[in-house]
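Q: Structure of the sequence below:
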Amino acid sequence: MILGLLAAAAGLSVSGAMADTLSVDFSTYDPSSLTVAEFLAKNNFSIATYTIDKSADPYGRAFTADNVDIRDGYLAMKVSGGTPPGGNVPSAGIRTMNNNILYGTFKTTAITSPVPGVCHGFFTYESDSQESDIEILTAFYDTGNQYVQPGLQLTNQNNYGNHSQNTHSAVPYPADPRTGEHEYTLEWSADATRFFFDGDLVATLTSNVPYEPSYFVWNSWSSGNEKWSAGPPTEDAILMISKIEMEYNTTIPQTN
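A: Coordinates of the predicted model:
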């Protein structure tokens, strides 16, 4: 039912959109039959392998396949500890192969890292001005600094690229995300992004809602910037994802 509601909210006819689902339980992975990359590809995910130069940040980010693994029933996304000053922090990311997702509900069940200094993200992405984020800052679970309020970070990036005008909310965690599995849900429609923690609504953002066909992305990284990720971590920080569930619409055809 939600897919029909989302399509209606988006103003899309049945002929103008395709409804789809994706559900992955990482405990089903069998390393004797598929590599990690093959298992992810079979489930419509690709692994991030690129570098973001440090620019204004103290450190760059090097997304590498070596930091993506499946073990003990979890997708393990590692940010390596001990990066030398000014270096590129080895980080991890995956995304949907579909880049034409337009509205849907995206659930991620995960255990977050207790190691401070990384950002875990679950988000829609077409560009830096077409993006809606769930982000977990492991340096700022309970306390913040002059730049960052503690809590679960929920953001619609400004549609015109002016990030001082982002729509943002920092929500206290209803439960400790480090000590057990919790479900994080982003519900994206034409008029709002809604965010849920373990099925309970924690925030609704109605401005700067993305409207372009997009990927959905999961990543874990650090840039050493005290205004966001802090860090980098002094030891390996690992995001453990047990399950991903998606119900979504796609545009026809897929964008390039």
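Q: What about the residue lying closest to Asn166 once chain neighbours are set aside, how many residues nearby?
A: Counting by C-beta to C-beta, 6 or more residues apart in numbering, Asn166 lies nearest to Asn158, which is 5.1 Å off, once chain neighbours are set aside. Glycine gets a C-beta too; all of them are placed from N, C-alpha and C. Residues lying near Asn158 (other C-beta atoms under 10 Å) number 18.
Q: could you measure Asn158 against Tyr141, distance?
A: Between Asn158 and Tyr141 the distance is 26 Å, computed by C-beta to C-beta, to the nearest Å.
Q: Output stretch 103-118 as PDB, restricted to C-alpha atoms.
A: What follows is stretch 103-118, C-alpha atoms only, in PDB (Å, rounded to 0.1, in the frame of the first residue of the first chain):
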ATOM      1  CA  TYR A 103      10.500   7.800  -3.200                       C
ATOM      2  CA  GLY A 104      10.200   4.800  -0.900                       C
ATOM      3  CA  THR A 105      10.800   3.300   2.500                       C
ATOM      4  CA  PHE A 106      14.300   2.200   3.500                       C
ATOM      5  CA  LYS A 107      15.000   0.200   6.600                       C
ATOM      6  CA  THR A 108      18.500  -0.700   8.000                       C
ATOM      7  CA  THR A 109      19.000  -2.900  11.000                       C
ATOM      8  CA  ALA A 110      22.400  -2.300  12.500                       C
ATOM      9  CA  ILE A 111      24.700  -2.200  15.500                       C
ATOM     10  CA  THR A 112      26.900   0.900  15.500                       C
ATOM     11  CA  SER A 113      30.500   1.300  16.500                       C
ATOM     12  CA  PRO A 114      31.400   2.400  20.100                       C
ATOM     13  CA  VAL A 115      34.700   3.800  18.700                       C
ATOM     14  CA  PRO A 116      34.600   7.600  18.500                       C
ATOM     15  CA  GLY A 117      35.400   9.500  15.400                       C
ATOM     16  CA  VAL A 118      33.400   8.100  12.500                       C
END
